[in-house]
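Visitor: sharing a sequence plus its predicted fold:
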Amino acid sequence: MEYIQIRKFSSSSSFFILRRRSETRLVRITRCSHSLGMDLEITDHALATLIHCAATCAPNEGCGLMLGWGRKVGTALPTKNVAADPACHFEIDPLALIAAHKAARHGGPEIVGFFHSHPNGLARPSATDAALAARDGKVWAIAAPDRDGAWAITCWHDGPDGFEELSYAVIAG
Ligand SMILES: [Zn+2]
């Protein structure tokens, strides 16, 4: 199998998302052997789900929840984008959000954060994202096409002073 490197996860790591040359979406993610020093851990399964959502929702923005514990994202849960103009905005389905909060209260995974895609933009928070941010400490993951058409993912901490980029490690999950 021939793979090409499409994205280094962060400047401080040596782990990569790979894709097969003939594919248009991610088919394989390398796993890191350790995640020491990373701000976040995301399972390869969650990352693949997130990328699949971004790819299938394009040209609209895809969105969803990232569920897990503390700083570990175990699952990405795609939700409906209920924004009036989903081609350039996202709004997570409030029913899915309520259901996830309810599940968390009953011992289920926490809502670590949210993800959405910028099918025509950059993998970083837009001005709209900054304006809508709750600054509640949640993690935002943003997917956008790289120059070669593969999806790049960045993660951000939505803190009191605005968005700060987080490093992350991909773990088996
Ligand atoms: Zn955005």
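Guide: Structure's in. What do you need?
Visitor: from the ion, how far off is the most centrally placed residue in the chain?
Guide: Nearest residue to the geometric centre of the chain (C-alpha atoms, centre = their mean): residue 141, 3.4 Å. According to C-beta to the ion, to the nearest Å, residue 141 and the ion sit 11 Å apart. Just so you know, the C-beta spots here come from the backbone N, C-alpha and C atoms, and that holds for glycine as well.
Visitor: now residue 153: closest residue in space that isn't a chain neighbour?
Guide: In this structure, residue 153 finds its nearest non-sequential neighbour in residue 143, 5.2 Å apart by C-beta to C-beta, 6 or more residues apart in numbering.
Visitor: other SSEs contacting the one helix or strand that neighbour maps to?
Guide: Secondary-structure assignment from DSSP states H and E places residue 143 in strand 139-145. Using 3 or more C-beta pairs under 8 Å, 6 or more residues apart in numbering; DSSP states H and E, the elements in contact with strand 139-145 are helix 44-57, strand 110-117, strand 151-159.
Visitor: export that strand as CSV, just CAs?
Guide: The C-alpha atoms that make up strand 139-145 are tabulated as CSV, following Å, rounded to 0.1, in the frame of the first residue of the first chain:
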residue,chain,number,x,y,z
VAL,A,139,-12.1,22.1,23.0
TRP,A,140,-12.9,23.0,19.4
ALA,A,141,-11.6,20.9,16.5
ILE,A,142,-11.7,22.4,13.1
ALA,A,143,-11.3,20.5,9.8
ALA,A,144,-10.4,22.1,6.5
PRO,A,145,-9.0,20.8,3.2
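Visitor: burial check on residue 80, number of neighbours?
Guide: 16 (other C-beta atoms under 10 Å).
Visitor: contact partners for the nearest residue to it once chain neighbours are set aside?
Guide: Once flanking residues are discounted, residue 80 sits nearest to residue 93: 4.1 Å by C-beta to C-beta, 6+ apart. Taking C-beta atoms under 8 Å, 6 or more residues apart in numbering, we find residue 93 in contact with 79, 80, 81, 82.
Visitor: rebuild those as JSON lines, extending it with pLDDT.
Guide: Shown next, in JSON lines, are these (pLDDT from 0 to 100):
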{"residue": "79", "pLDDT": "98"}
{"residue": "80", "pLDDT": "97"}
{"residue": "81", "pLDDT": "97"}
{"residue": "82", "pLDDT": "97"}
